[in-house]
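[1] fold the following.
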Amino acid sequence: MKRMADYDNIRMKFKNRLREQLGEDMASFQERTDPGAKSADEIKKITSEEYRFFKEEMLGGLPNIYEKLCNFSEKTLKIKPAQEKRKLLEKYIYQAHLNMTPDGAWSASFVLPLATMMFLLLFSQMLFMIFKGDISMFFIFFSIVLAATMIMPLQNMPEFLAQNWRLKASNQMVLCIFYIVTYMRHTSNLEHAIDFAAEHLNPPLSIDFKKVLWDVEMQKYDNIKVSLDVYLENWKEYNFEFVEAMHLIQSSLYESTEQRRIALLDKSLDVILEETYEKMLHYAQNLKSPITMLHMMGVIMPILGMVLLPLVVTFMDNVGWYHLAALYNIFLPIMVYYMGLKILATRPTGYGDSDISNLMKEQDKKGKQHLMNIAGKTINITPYKVPVMMFLVMALIAFFPLLIHMVLGADWDLALDVQGEFHMERVEMSKIAFLEYREPIGDGVTEADISGPYGLGATLFSLALPLGFAFSLAFYYRSRTEKLMGLRDKTKKLELEFGSALFQLGNRIGDGIPAEIAFGKVAQVMQGTDSGTFFEYVTNNMSRMGLGLHEAIFNEKVGALVYYPSTMIKSSMKVLIQSAKKGPQVASLALLNVARYIKEIHRVDERLKDLMSEVVSSISSQINFLSPAIAGIVIGITSMISAIIGKLIRAMSCIQAGQGGSGATGLLSLMNDGVAPYYFQWVVGFYVVQITIILTILMSGIQNGNDELAKQDLLARNLRGATLKYFLIAFAVVALFNLIAANIVGGTLASC
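    Numbers count the residues shown, from 1 in each chain. Next up is the predicted model:
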């Protein structure tokens, strides 16, 4: 290797000297002396193509939307960051495996907000010119503020993506050390142990380990130790316990006695388990304040602030529901989501449930049909079509009041007047109405000035829109995850008791019983448990189908692992097969140690869940009770206030006119009907759905790390539960408070 490097240096030295003496530039000299050589651009292109192929194969696609936008922004308006910021961006881009430059990331933080601002300005002003004949200063100001708030998050986007990559990789690190230690207890070979871990881990950590092995294979580094040390440099700043554990594993290779070697391997697993627990302990302690602030700023204050809005907009003309939607459905969710990302960015690495979302990808590749259990029957469904149809039906119900108004006109309504009689036409002085379109107080009122619907029936019908949207999303997520979550729960249950099963299996093999017979013995003892069922599958495959031990466990069609797709169980069985080649005593000792490791990992796992239980319980209560309950009560109060104020305005106008007044004067000239509860409920309802999604993503990230399957399953349950509670509470409170409002203003209306 050294000779080749010396040869290349001497060759380049004399080549450069000849080029200088001939007075040629490098490109022409290279073309004349080495016609087959490739230019720098061609080499760069080849490297990019190879990287593109690698990323598409291993990571599932290139480039992503963010990379495309950054590369486009760099070409459109290139803005260079400061040198110190450039170094940080280069580090984050490298860690996140992004195909872009720091200039592109920095340019995008200005180009994208500018493009967003221009789009919102043109779109909003065009709509206002069409429907209102004027421009909106609110949306001009809103577009500028929104664009300004986008700059900092976009500048930090590479850091968030790098953190997300580290989170994915580090959630597998405890399991990674477990695999390496388990393998090296019976075979002291670091290269084979890393290969064993890379085979059983999921991306991205498996890809990193394959890259470590590949660099040695391609002679980039002399041996596995050098390649591994270079890789571990990236984790010193973020997960030092992982680096420390790997160094202890490397040190075990140099021990002269078997006892000291095993002690170092055990120490490496203890180090990463204990230090991960300590970091999660501090994280749980420091998490209460950010979660409380997020809840207050993202849930309590915005929703309670809506109670005052009916009073505010009553005295503010030209305030529409779209102004509230811009604030509550665009600006606030972005702010809350950014705060949630900041909280997740501080999460310690090294802990998280195993992600089997790769089974979800395999399920999607086989076809878009998913099995679901509905009313006790298992049926095949297409997860994209059913939610769309569900949302369209619910949207049709929600738009029903508007459709009636469009078809039958403004004079049709179903109203209960002050004498208690029903009318199939619009009644100005009604106690309760289905649609209740209102004309402004004053002279010169036209058809375009009529606003609404303000009626009780329309408000109740409007609840169907956020309910349909949330239930459609919940149905989609449930259809994708139900079957896999059932498989996952069964596998998790097996993993909990598998340590005891391995302990018994190891003892049987240690007594001199062949592994093939030991499986049947343990299956009889543990009959009725998941472990006993697993061992029965293995025994039946060997006795009835004539398969060997390896095929009975690992066969892709009938192997026992088909029914329990667990990487931990699979690796334990691999250790059994490998160690059995060296004799029953070695196999017995290997299984006993694996059983001890599984018990230890489970113990720390339970302690970590106990630490996070208070925070997770707090977020869960916010999602499933506080947010829908507060929002539902706010809708009822808003509907009642709107009904009272609207009827009082008309009653006061009527009384004033009866006393000889010439119309609305004084206080009445300052008041208006405000935002219709029909549209106001849409704003609040969709905000509840958005907050539920954001808090669920935050809760899943805190509890499980980057686990896509667990996140989608949690989204399905929370969207269904939280939105249903909001619907029921809002329906009941709106109906009750409107009846109260009708009784309050009934006497006033009767006197008019």
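[2] where does the stretch 101-250 of the chain dip in pLDDT?
    Counting by pLDDT under 70, the ranges of the stretch 101-250 of the chain that qualify are 132-133.
[3] show me where it has its helices.
    For the stretch 101-250 of the chain, the helices defined by DSSP state H, counting those that start in this stretch occupy 102-131, 137-155, 157-170, 173-186, 190-200, 205-217, 224-232, 240-251.
[4] dump the ones you listed into a markdown table; add distance to residue 478 as well.
    Glycine gets a C-beta too; all of them are placed from N, C-alpha and C. Shown next, in a markdown table, are the helices of the stretch 101-250 of the chain (distance: least, C-beta to C-beta, whole Å):
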| stretch | distance to residue 478 |
| --- | --- |
| helix 102-131 | 34 |
| helix 137-155 | 31 |
| helix 157-170 | 24 |
| helix 173-186 | 28 |
| helix 190-200 | 29 |
| helix 205-217 | 29 |
| helix 224-232 | 39 |
| helix 240-251 | 36 |
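[5] please identify the most buried of those helices.
    The highest mean neighbour count among these, using mean count of other C-beta atoms under 10 Å, belongs to helix 173-186: a mean of 24.
[6] which secondary structure elements does that one contact?
    helix 190-200, helix 205-217, helix 240-251, helix 258-286, helix 567-580, helix 584-621 (3 or more C-beta pairs under 8 Å, 6 or more residues apart in numbering; DSSP states H and E).
[7] residue 564: which element?
    Under the criterion DSSP states H and E, no helix or strand holds residue 564.
[8] that one and residue 494 touch, don't they?
    Yes. Contact criterion C-beta atoms under 8 Å: residue 564 and residue 494 qualify, at 5.4 Å.
[9] so what sits against both of the two?
    With contacts defined as C-beta atoms under 8 Å, 6 or more residues apart in numbering, the residues shared by residue 564 and residue 494 are 530, 534.
[10] for the helix or strand where residue 339 lies, buried residues please.
    Assigned by DSSP H and E, residue 339 falls within helix 332-345. For helix 332-345, the neighbour count (16 or more other C-beta atoms under 10 Å) marks 332-341, 343-345 as buried.
[11] kindly report the same for stretch 487-497.
    487-488, 490-491, 494-497.
[12] now those in JSON lines, with secondary structure, pLDDT and distance to residue 616?
    Formatted as JSON lines, those follow (DSSP: H, G, I helix; E, B strand; the rest coil; pLDDT from 0 to 100; distance: C-beta to C-beta, whole Å):
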{"residue": "487", "secondary structure": "helix", "pLDDT": "78", "distance to residue 616": "24"}
{"residue": "488", "secondary structure": "helix", "pLDDT": "80", "distance to residue 616": "18"}
{"residue": "490", "secondary structure": "helix", "pLDDT": "80", "distance to residue 616": "23"}
{"residue": "491", "secondary structure": "helix", "pLDDT": "79", "distance to residue 616": "22"}
{"residue": "494", "secondary structure": "helix", "pLDDT": "80", "distance to residue 616": "24"}
{"residue": "495", "secondary structure": "helix", "pLDDT": "78", "distance to residue 616": "21"}
{"residue": "496", "secondary structure": "helix", "pLDDT": "79", "distance to residue 616": "20"}
{"residue": "497", "secondary structure": "helix", "pLDDT": "81", "distance to residue 616": "25"}
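[13] wait, what's in contact with the closest residue to residue 294 other than its chain neighbours?
    Nearest non-adjacent residue to residue 294, counting by C-beta to C-beta, 6 or more residues apart in numbering: residue 339, 5.2 Å away. By C-beta under 8 Å, 6+ apart, the contact set of residue 339 is 290, 293-294, 297-298.
[14] distance-wise, check residue 339 relative to residue 695.
    Residue 339 is 11 Å from residue 695, where distance means C-beta to C-beta, to the nearest Å.
[15] care to break the protein down by domain?
    38-155, 167-286, 288-483+604-750 (automatic domain parsing).
[16] out of the ones you listed, flag the one nearest residue 594.
    domain 167-286 (5.6 Å; C-beta to C-beta).
[17] point out where the chain drops to low pLDDT.
    1-63, 132-133, 307, 309-318, 348-383, 418-420, 428-429, 440-449, 653-673, 745-752.
[18] if you set the cut-off to 50 instead, what comes out?
    For the chain, the stretches flagged by pLDDT under 50 are 1-4, 7, 24-48, 51, 60-63, 352-355, 366-368, 662-664.
[19] neighbours around residue 539, how many?
    21 (other C-beta atoms under 10 Å).
[20] so what's it closest to, chain neighbours aside?
    Closest to residue 539 by C-beta to C-beta, 6+ apart is residue 520, at 4.4 Å.
[21] which of the three states applies to that neighbour?
    helix (DSSP: H, G, I helix; E, B strand; the rest coil).
[22] tell me how far the residue nearest to residue 86 when sequence neighbours are not counted lies from residue 74.
    Nearest residue to residue 86, sequence neighbours excluded (C-beta to C-beta, 6+ apart): residue 102, at 4.7 Å. Noted for residue 102: a distance of 10 Å to residue 74, by C-beta to C-beta.
[23] could you do residue 553 as well?
    52 Å.
[24] and what of residue 231?
    30 Å.
[25] check residue 181 too.
    When residue 181 is compared with residue 74 (using C-beta to C-beta), they lie 45 Å apart.
[26] quick one on the thing from earlier: next step: the contacts of residue 339 restricted to helices.
    290, 293-294 (DSSP state H).
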